[in-house]
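[1] Compute the structure for the input listed below.
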Amino acid sequence: MAIEDKIRARWQARQRYAVASRDLPSALRMPVVPTRFGLAFFAVLAVMFVWSANHQLNLGYALTFLAFTVFLLGGTITAGQLSGLSLAAQGGEPVWAGDEAAFTVTITERDGRARGLVFLRNEEQRVACDDLQAGATARVVLREATWQRGWHAMAPLEVFCTHPLGAFVTWSWTWLEARVLVYPRPAGDLPLPWQAAEGEGKAQGATSGDDELSGLRPYVLGDSLSRVAWKRYGRGELLLKQFAGEGAPQLLLDFAAIPGGT
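    Model (predicted):
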């Protein structure tokens, strides 16, 4: 992991900004190294060669060199698997903070050659694109965790391939321009952040009650007819009686007390 982190940091120092699409470089510009399986296979070949030399076995020599030729040929094929591919990405639907953002990566084959199994990987997920035909286009979906509201940009992406034998791996890093809108996650049904005003327990002004007549107001459809001022109605005015009594404690909503979060 330390070597991989160093390679990633070196690549990120070169590519300082995201691009809308990227054509992967030629095979000469991409690294090709043995995998763990490839190293184990090479160790077996070394043992076979030493054993054949000690026992002077011509058949052992033939089998060892044949397997070594296949080994090198597999590395040559692996080296050219990613060259000629073009990548582009598109952000998915908006999500809530804490959910996974989806990015659709489009892989286009431009050299007219069928490809083997190609992997795409970010820090959280690895997906495979299987059997990419000549001149074809394939789409895979990568997901990333989100933590804060706002625009979530797609993280750098690693494309690698071990086809056909799995003995060698070639890879390339790219940073595609795509983003997903992240909404603040609803907090749910929380209690209102209220507090009693100063002088709680005392009268805090007029509230609706049935004690004393405080005035008249125009009638609104749906009001109770029992409060209609009939004397004023006889003069052509449809008004409603309002009463005032001892008020309950005044409550204040303090929006500054609402937790922010994401």
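[2] what ranges do the helices span in the stretch 151-262 of the chain?
    230-233 (DSSP state H, counting those that start in this stretch).
[3] who touches residue 20 in this structure?
    Contact analysis of residue 20 by C-beta atoms under 8 Å, 6 or more residues apart in numbering lists 88, 176-177. Where C-beta positions appear, they are placed from N, C-alpha and C, glycine not excepted.
[4] Might one say that residue 180 is in contact with residue 99?
    No. Using C-beta atoms under 8 Å, residue 180 makes no contact with residue 99, being 9.8 Å away.
[5] Quick check: neighbours shared by the two?
    Residues touching both residue 180 and residue 99 (C-beta under 8 Å, 6+ apart): residue 146.
[6] neighbour count winner among these two?
    Set residue 180 next to residue 99 and count neighbours by other C-beta atoms under 10 Å: residue 180 wins out with 21 against 15.
[7] low pLDDT regions in the stretch 101-250 of the chain?
    Where the stretch 101-250 of the chain drops to pLDDT under 70, the residues are 190-211, 244-250.
[8] What segments of it are strands?
    For the stretch 101-250 of the chain, applying DSSP state E, counting those that start in this stretch gives strands covering 118-121, 126-129, 137-145, 150-153, 157-161, 168-174, 179-183, 194-196, 208-218, 239-244.
[9] I'd like to know how far residue 161 sits from residue 115.
    8 Å (C-beta to C-beta, to the nearest Å).
[10] now swap in residue 21 and tell me
    18 Å.
[11] what do you get for residue 145?
    Applying C-beta to C-beta, the value for residue 145 to residue 115 is 30 Å.
[12] Am I right that residue 173 is in contact with residue 122?
    No. If you go by C-beta under 8 Å, residue 173 and residue 122 don't touch, sitting 10.7 Å apart.
[13] Need the residues touching each of those two.
    156-158.
[14] with these in mind, which one is nearest to residue 79?
    Distances from residue 79 to these, taken as C-beta to C-beta, are shortest for residue 158 (16.8 Å).
[15] So that closest one sits against residue 173, correct?
    Yes. With contact defined as C-beta under 8 Å, residue 158 counts as touching residue 173 (5.5 Å).
[16] I'd say residue 31 and residue 171 touch.
    Yes. At 6.8 Å, residue 31 counts as touching residue 171 under the criterion of C-beta under 8 Å.
[17] No further questions, thank you.
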